[in-house]
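In: predicted model follows, preceded by the sequence.
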Amino acid sequence: ILRQLVFFSFPLMLGNVFQLLYNMVDSIIVGNFVSKQALAAIGSTTVIVSMIVFFFSGFATGAGVVIGNNFGARNMDRLHDAVHTTVAATFIFSLLLTLLGTAAVRPMLVIMRTPEDVFRDAALYLRIYIGGISGLLIYNMGSGILRAVGDSIRPLGFLILTSVLNILLDLFFVIVLKLGIAGAAVATILSQFVSAALILLLLTRTRDIYRLDWKELHIDFPILKKIFSIGMPTALQAVITSFSNIFVQGYINAFGSDVMAGWSCYNKLDHFIFLPMQSMSVASTTFVSQNAGAGNERRSRRGTFLAILITLIVKTVRNRKEAEE
């Protein structure tokens, strides 16, 4: 069990690293080739984007548990319905979150007391990013389906490919075409749409039992209800935390663009600290849901215990190193 958890979570952690690089590359290139105000704008908008993504991640977690449970139980009909319900609901969520997120851009920036010299760049970056956020949501959904059936390698490959593409597009749009912060946003959403297209292509062309058939796309409401019952508590917890961070960002913004730029750099590094725990969380969720579906309660409990133990060890080692420094 220990070996399975570690080997499954390692690609997840690498994938999370590359996903963080999307936004970090925007900050690095914009900070060096545009202005400190543009860097501050990207950093201050991260909390708003995170609130949308975290909300959807709760839904994706619930879907992953339901799919993994049916996969472990070898209930092919329910697995088929769960996959198609997840994909259909993702498209609906993508549309709703895009519309609501775009409409909320200006009010959220006002709540965060965004300075005048940053406001215009922040609003522009957010509107472009949220306008194309469906690519990120669809990729997260597709990779969640693959992880639920035990595949954490291929989503990592797609993420590495599109991360490299994002860097190249960032350099081209910002440095060559001189599009500034808008170029960084466009580069990111184009890369995310490529990752979404790749994951959908894989799900469509696979011969495995989780294959996506577009003609059978539908919503099974009992399955959707179960997904929500599992995923919504996680989603609400993440949204509440992110919403509280909006007020923290507001306090930072009150000090001006210099402090905002510094806070942005800190936050980008801070996110990496939580990657081992996040990856182990997804790995243990997949492990437990599959074994619960297979009726192996003893193995599920052992997996849960080992996942918590690994997380505590990582946290203890990290705290000790921080104390030494």
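Out: Ah, there it is.

In: report pLDDT for residue 324.
Out: Note for residue 324: predicted pLDDT of 65.

In: same thing with residue 170?
Out: 90.

In: burial measure for it, as a count.
Out: 24 (other Cβ atoms under 10 Å). (Glycine included, C-beta is placed from N, CA and C.)

In: against residue 188, how distant is it?
Out: Separation of residue 170 from residue 188 (Cβ to Cβ, to the nearest Å) stands at 8 Å.

In: remind me which helix or strand residue 71 belongs to.
Out: helix 36-73 (DSSP states H and E).

In: between the one helix or strand residue 270 maps to and helix 36-73, how many degrees?
Out: Secondary structure from DSSP H and E places residue 270 in helix 257-273. Orientation of helix 257-273 against helix 36-73 (axes from the mean of the first three to the mean of the last three Cα atoms, to 10 degrees) gives an angle of 20 degrees.

In: tell me where the model's unsure across this structure.
Out: Within the chain, the stretches with pLDDT under 70 are 22-23, 318, 321-325.

In: which stretches in it count as helices?
Out: Applying DSSP state H to the chain gives helices spanning 2-33, 36-73, 76-103, 105-111, 116-131, 134-148, 153-170, 180-205, 221-253, 257-273, 275-293, 297-324.

In: quick one: residues contacting residue 255.
Out: Contacts for residue 255 (Cβ atoms under 8 Å, 6 or more residues apart in numbering) come out as none.

In: any idea how far residue 8 is from it?
Out: Distance from residue 255 to residue 8, by Cβ to Cβ: 43 Å.

In: what do you get for residue 320?
Out: For residue 320, the distance to residue 8 - Cβ to Cβ - is 26 Å.

In: these two: which is more packed in?
Out: residue 8 (21 against 10).

In: that one - nearest residue in space that isn't next to it in sequence?
Out: Nearest residue to residue 8 in three dimensions, chain neighbours excluded: residue 283, at 4.6 Å (Cβ to Cβ, 6 or more residues apart in numbering).

In: contacts only, for that neighbour.
Out: Per Cβ under 8 Å, 6+ apart, neighbours of residue 283: 5, 8, 9, 12, 152, 307.

In: residues in contact with the spatially closest residue to the fourth one that is not a sequence neighbour?
Out: This points to residue 12. In space, and not counting its chain neighbours, residue 12 is closest to residue 279: 4.0 Å by Cβ to Cβ, 6+ apart. Neighbour list for residue 279: 9, 10, 12, 13, 16 [criterion: Cβ under 8 Å, 6+ apart].

In: ok, residue 214 to residue 149 distance?
Out: 19 Å.

In: okay, the two: which has more neighbours?
Out: residue 149 (19 against 9).

In: contact partners for that one?
Out: 67, 68, 71, 208, 209, 210.

In: tell me which two of these sit farthest apart.
Out: Largest separation among the contacts of residue 149 by Cβ to Cβ: 68 and 208, giving 14.0 Å.

In: give me the more crowded residue out of those two.
Out: Legend: neighbour count by other Cβ under 10 Å for residue 68 and residue 208, higher for residue 68 (27 against 11).

In: OK, contacts around the nearest residue to residue 50 once chain neighbours are set aside?
Out: Among residues not flanking residue 50 along the chain, residue 242 sits closest, at 5.2 Å (Cβ to Cβ, 6+ apart). The neighbours of residue 242, taking Cβ under 8 Å, 6+ apart as the test, are 47, 50, 51, 54.

In: possible to save those residues as TSV with neighbour count and distance to residue 39?
Out: Shown next, in TSV, are those (neighbours: other Cβ atoms under 10 Å; distance: Cβ to Cβ, whole Å):
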residue	neighbour count	distance to residue 39
47	21	15
50	20	17
51	20	21
54	18	23
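
In: return the member of the residues you listed nearest to residue 123.
Out: Closest to residue 123, out of all of those and judged by Cβ to Cβ, is residue 47, at 14.7 Å.

In: re earlier: next, show the common contact partners of residue 170 and residue 188.
Out: residue 26.

In: residue 144 against residue 63, yeah?
Out: Yes. Between residue 144 and residue 63 there is a contact under Cβ atoms under 8 Å: 6.2 Å.

In: please enumerate the shared neighbours of these two.
Out: residue 86.

In: okay, now residue 222: neighbour count?
Out: By the criterion of other Cβ under 10 Å, residue 222 has 10 neighbours.
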